[in-house]
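Chemist: Curious how this folds, go ahead:
(chains A, B and C)
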Amino acid sequence: MSRATGLEIGVVVAVAVAAVGLVSGVESSGREVSSYVDHRPRPSTTVTGARSYRDMRAGVYGPNAQLPSEWWKTLRGGEPDLFAPVVQGPAERSDALAQRGARRAYEGAPPTVPHAVDQMGVPSCLSCHERGLTVSQRRAPVMSHERHDSCVQCHVVSVDPRPGVVTPPPPDNTFVGMGPPGPGERVWPEAPPTIPHPTWMRERCASCHGVRGWPGVRSTHPWRDSCTQCHAPSAALDQRGPVSLGAEP
Amino acid sequence: MVISSLVLTLSPVPEQRSLALASLASDPRIEIGQAVRDRLPVVAEAATAAEGVALCDAMAEHAGVVRVDVVAIDFGEDA
Amino acid sequence: MDRRDFIKATAMATAVAAAARLALHDESEAQARPADGVTWDQTPGRFCGTGCHVQVGVKGGRVVAIAGDQKADVNKGLLCVKGYHVGLALYGKDRLTRPLLRKNGKLEPITWDQALDVIADRVMANPAGFAMYGSGQWTIPEGYAAQKLIKAGIANNQIDPNARLCMASAVTGFLSTYGVDEPAGCYDDLDRCDVLLMWGNNPAEMHPVLFSRVIDRRSRGEKVILVDLTTRRTRTSGFCDRTMFFKPQGDLAIANGIAHLLLERGTWDRGFVEAYCNFRKRTDPPTLDGQAMTFDEYRKEMAAYTPARVEELSGITPADLSYLADLFGDRTLRITSLWCMGMNQHTRGTAINDLVHGVHLLSGHFGKPGDAPTSLTGQPSACGTVREVGTLAHGLPGGLVVGKEEHRKEAEAIWNLPAGRINAKPGYHTVEMWRRFSTAKDQGGDIDTIWVQVTNPARSLPNIGALFEPSRKLPGKFLIVSDVYPTATAMAADLVLPSAMWVEKNGMVGNSERRTQQWFRMVPPPGEARDDCWQTIAVARRLHDRGHTGMKDKDGRFLFHVVDKAGAAVPVWDWRRYYDVNVDEQLFEEYRRFSRFKHKDLAPYGEYVKARGLRWPVVEQPDGTWRETRFRFSKADDPYATKADVQFYHSVTKDDRALIWFHPWEAPPESPDRDFPLWLCTGRVLEHGHTGTITMRIPQLHRAMPQAYCEMNRADARALGIADGEVVILESRRGKLELPVWLGGRGEPMAGTVFVPFFDESIEINLATLEAHDPLSKQPDYKKCAVRVRRRGKA
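Modeler: Numbers count the residues shown, from 1 in each chain, chains lettered A, B, ... in the order given. Down below sits the predicted model:
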């Protein structure tokens, strides 16, 4: 199986990538983007029987077989509704934090990538992650930091990058990473909470807290863009602690 | 008697600090405690709550006092 | 007391308590992140020569988080995946925690006291045969302690670093061109260049933060041209405007081809060359100084490197060569050339380094911000420790050498040694040291003990089947290893010493842009692991106590005499007292005195504590501040360049001029032939450092790249009938191994070449590599030898 032909791209994702590519002007590389969740084992070297034309016409097979019927209706058809009511509880919140934590060595680490990426070329991460994307149950969050081009310098895949190879168990390491902060402080019950985490590499609040953000930590008012107008960051957390002015001359 | 427990944050500028301390010391209603770095514990005694508030405001307005934090107030047995 | 007094007393107590709490909060705000108990401190990264600064979050005596340091000039808050996960490096479960001695074939725990005796025994029994093999990952004080022990104490000059295998040719290139080591420019050149040219390196994976510095400029709208000169398609190629594939060894021809076209077209910079350069050619046998060459001779030699000839030797087309010459011929462009192992791990490494410097000098692309031939360093302190402290078999600190009498005298003065203590005869370079260690004594194998610190030669030496493995079967050969994990070398050793790593000790390093950086210890090391620097000083003391006269200076003082603030001696060889004072600071202040000789001035230790590193020469200003130098040899910035706009004040020809060398293309010692038809190139991947002894123990990095592989060209694989993922046998004249193939993965080699990364201890690619080395730098070539690949079960 070579990468140039016969690509195992989920049609859903391929269409979405192309659609976003058209819209945002980013050229899709057409590279293989397959999910580890539904990754299939490598084909054996023995010859498999070809499907008959009748089978092809009659049956639904291939990666799309698992999709719900009329899946195209869940494709991105415009911006999600900013004004839809946000219903979330502590269970979702702790769920979101657990999922976030599973991809990060510690709070603040760059998340590992939960899907395959092009190992060699310049992967077209931005086609989904520059503005965010939701397709069926899959959510590609907008990246939380401003644009850098060499994404895979910090974000690595979470399984063996070679197709079909079973990832060996990870080495024993006793590191325990810093966990996520609790909710931001509120000076009175209805006050806007302060930002309890550094904002370095997290300038785009919508990444986690916007309409495509983690359920459980979503903002109740995602239509407001200028977050730090009300939500105060912490100078200490942002490495902007007060500078000693030194002894007086 | 309304007795207030306060922490004053003093200015880092030495002249302003000493002026503020002198001014506070000269007021018989104010008792000054031992400062810890820039934080000065103070007990203020006023006849009424309104006078207590006015006293706090006066202290906050002083150039050598950056802020006044109210820790506790005992409003006394009389209303 | 009445009620009022009681209330007032209570009120005061309350206020005092509140004031104390607020004041404490003020203090902890300054250095800690509030409310979660994590304290943060800054330090340089651990893994590469970029020298990013990192904020380390510590809680309960353990590292719990990492952040990019926003105040650092080098990386401005950005890191790479290794940097982000460096905190986990300390916590692999199998950290070495006790000294181990091999008894009856098994490594058994012993005490430190016993370990020191074992080492002292070896030195006293045969001092001439005792060598230290150090590292570009040594901190500056660690390297300095080892340097002093060997050069001033044991005085046999048997000390060489693993950096011999990575940077030696860059050093000889600088010395032969400018008369003094290390780049003239700095990373500021990356912010200003119009053209970034990669000469056989892969910065997208190997110096990612520096590479991002350039490509992020491009995405902000600046125009920067990136050109990749390479033998395989890599991640870097994807970002480049133009990728030019060349045949191994063809780099020599390409550099000459550019010079040829510049001369032919008249687009070389006559003014610059006439003012600041001389020409140079080789002697036979080659020497670092070479001999004078006239411009006409140079021109005549370059005449042979026509585009057609260059295409024959390198494979790059005349159009591509012309494009490169167009760039260099344009004086309005600022061109930065980057290189690393492709040019250094080369049997003509000194030559190719000289030629690339030469192209920049010939075309006048030097001395202005953005115009820079920039040699990048691989390891975090190959510059700071190995090159500057001089931990090489021929070196002394500050760029001095044992071979020159005036240099030995200077060193003896600073070290207060009796005249003649320093040995004039250089020790063995790395390949030679290990060859002798792996040779029986009665056959000339005069090295019988090697003390390895911070490196894994059992996997990283070339041709390990010849240079390392025999030593493990020869009687009388004793291997001592100071390391943090049970590496292949440690597990093959006779004595293993558990060591502290990174933020478990104080340290200083120097990166690729001459920036010396400092950090303080943040967490304790595990078990009985101790600082490498302490280990060296403790051994020196043990020898001193046994009467080894070399351990005293000429006034009878111990070589590592360390004092407290009152001036009283502190017995730092007693581990309990080691952190009573800052040993790093005292060693550094002594070492600093060497740095003036070659204008590599270092500032006092305290300045490095304050700054995120400083680029030498750091010169004191009239107002008492210390000013670093960004661009050496340029009058505009370098305080020592006074006589002209550009002054090469360490000129080989002693006339303030740099040298433009001619070197011919020469074939490598081993090329593919009928029996071994493929080129083997080895190297790294983003996720792992060197032999992976640290990074393979970090789960995120291991998962992302768990195993080494043979990267083949797809057409070659097809011709051999090899499928993706198949396990094959890779074989050279020296050794063979089995490994899986990965097609269409991280890179695509040219037809006729294969690439294997060396991060996997279980896939010993250095069984196949060749130890042939550059004649001047002694650096071996890991990028070119001949191999064959075949399927298992097939003859």
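Chemist: Neighbours of the closest residue to chain A within chain B, how many?
Modeler: Closest to chain A within chain B is residue B:14: 8.4 Å, counting by C-beta to the nearest C-beta. To be clear about C-beta, it is placed using only N, CA and C from the backbone, and glycine gets the same treatment. A count of nearby residues for residue B:14, using other C-beta atoms under 10 Å in any protein chain shown, gives 10.
Chemist: does residue C:294 really touch residue C:278, like I thought?
Modeler: No - using C-beta atoms under 8 Å, residue C:294 is not in contact with residue C:278, being 9.5 Å away.
Chemist: Compare those two (neighbour count), which wins?
Modeler: More crowded of residue C:294 and residue C:278, by other C-beta under 10 Å: residue C:278, with 20 against 11.
Chemist: Roughly how far does the residue lying closest to that one once chain neighbours are set aside sit from residue C:646?
Modeler: Excluding the flanking residues, the one nearest residue C:278 by C-beta to C-beta, 6 or more residues apart in numbering or on different chains is residue C:657, at 4.9 Å. In this structure, residue C:657 and residue C:646 are 9 Å apart, going by C-beta to C-beta, to the nearest Å.
Chemist: overlap in contacts of these two?
Modeler: residue C:276 (C-beta atoms under 8 Å, 6 or more residues apart in numbering or on different chains).
Chemist: the more surrounded of those two?
Modeler: residue C:646 (26 against 22).
Chemist: So which residues of chain A form helices?
Modeler: Secondary structure of chain A (DSSP state H): helices at A:11-24, A:53-58, A:90-102, A:126-129, A:206-209.
Chemist: near chain B, which residues of chain A?
Modeler: By C-beta under 8 Å from any C-beta of the partner chain, no residue of chain A approaches chain B.
Chemist: still on that earlier bit, for the residue nearest to residue C:278, what are its contacts?
Modeler: Applying C-beta under 8 Å, 6+ apart, the residues contacting residue C:657 are C:276, C:277, C:278, C:648, C:651.
Chemist: And the third one, its phi and psi?
Modeler: According to degrees, to the nearest 10, the main-chain angles of residue C:278 amount to phi -120, psi 160.
Chemist: So it sits against residue C:661, correct?
Modeler: No - using C-beta under 8 Å as the test, residue C:278 is too far from residue C:661 to be in contact (9.9 Å).
Chemist: OK, contacts around the spatially closest residue to residue C:511 that is not a sequence neighbour?
Modeler: Counting by C-beta to C-beta, 6+ apart, residue C:51 is the residue found nearest to residue C:511 once chain neighbours are left out, at 2.7 Å. If you count contacts by C-beta under 8 Å, 6+ apart, residue C:51 has them with C:44, C:45, C:74, C:380, C:509, C:510, C:511, C:512, C:513, C:515, C:517, C:613.
Chemist: quick one: average pLDDT of stretch C:348-367?
Modeler: If you average the pLDDT over stretch C:348-367, you get 98.
Chemist: chain center to it: distance?
Modeler: The chain centroid and the centroid of stretch C:348-367 are separated by 21 Å, computed with C-alpha atoms, centre = their mean, to the nearest Å.
Chemist: and if you look at stretch A:190-207?
Modeler: With C-alpha atoms, centre = their mean, you get 18 Å for stretch A:190-207.
Chemist: Pull out the buried positions in it.
Modeler: A:194-202, A:204-207 (16 or more other C-beta atoms under 10 Å in any protein chain shown).
Chemist: same check, this time on stretch C:228-247
Modeler: C:228-240, C:243-247.
Chemist: what's the weakest-modelled helix or strand in chain A?
Modeler: Lowest mean confidence among the helices and strands of chain A (mean pLDDT, DSSP states H and E): helix A:11-24, at a mean of 46.
Chemist: Can you give me the distance of the residue of chain B found nearest chain C to residue B:74?
Modeler: Closest to chain C within chain B is residue B:41: 3.4 Å, counting by C-beta to the nearest C-beta. Relative to residue B:74, residue B:41 is positioned 15 Å away (criterion: C-beta to C-beta).
Chemist: cool, and residue C:137?
Modeler: Taking C-beta to C-beta, one finds residue C:137 at 64 Å from residue B:74.
Chemist: Residue A:245 too?
Modeler: Residue A:245 is 39 Å from residue B:74, by C-beta to C-beta.
Chemist: what's the lowest-mean-pLDDT helix or strand in chain C packed up against?
Modeler: Sorting the helices and strands of chain C by mean pLDDT, DSSP H and E puts helix C:3-31 at the bottom, at a mean of 77. Applying 3 or more C-beta pairs under 8 Å, 6 or more residues apart in numbering or on different chains; DSSP states H and E, one finds that helix C:3-31 contacts strand B:2-10, strand B:39-46, strand B:65-74, strand C:39-44.
Chemist: give me every residue that touches residue C:283.
Modeler: Residue C:283 neighbours (C-beta under 8 Å, 6+ apart): C:289, C:290, C:291.
Chemist: Output those in TSV; the columns should cover distance to chain B, secondary structure and neighbour count.
Modeler: Output for the contacts of residue C:283, formatted as TSV (distance: C-beta to the nearest C-beta, whole Å; DSSP: H, G, I helix; E, B strand; the rest coil; neighbours: other C-beta atoms under 10 Å in any protein chain shown):
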residue	distance to chain B	secondary structure	neighbour count
C:289	61	coil	13
C:290	63	coil	20
C:291	68	strand	10
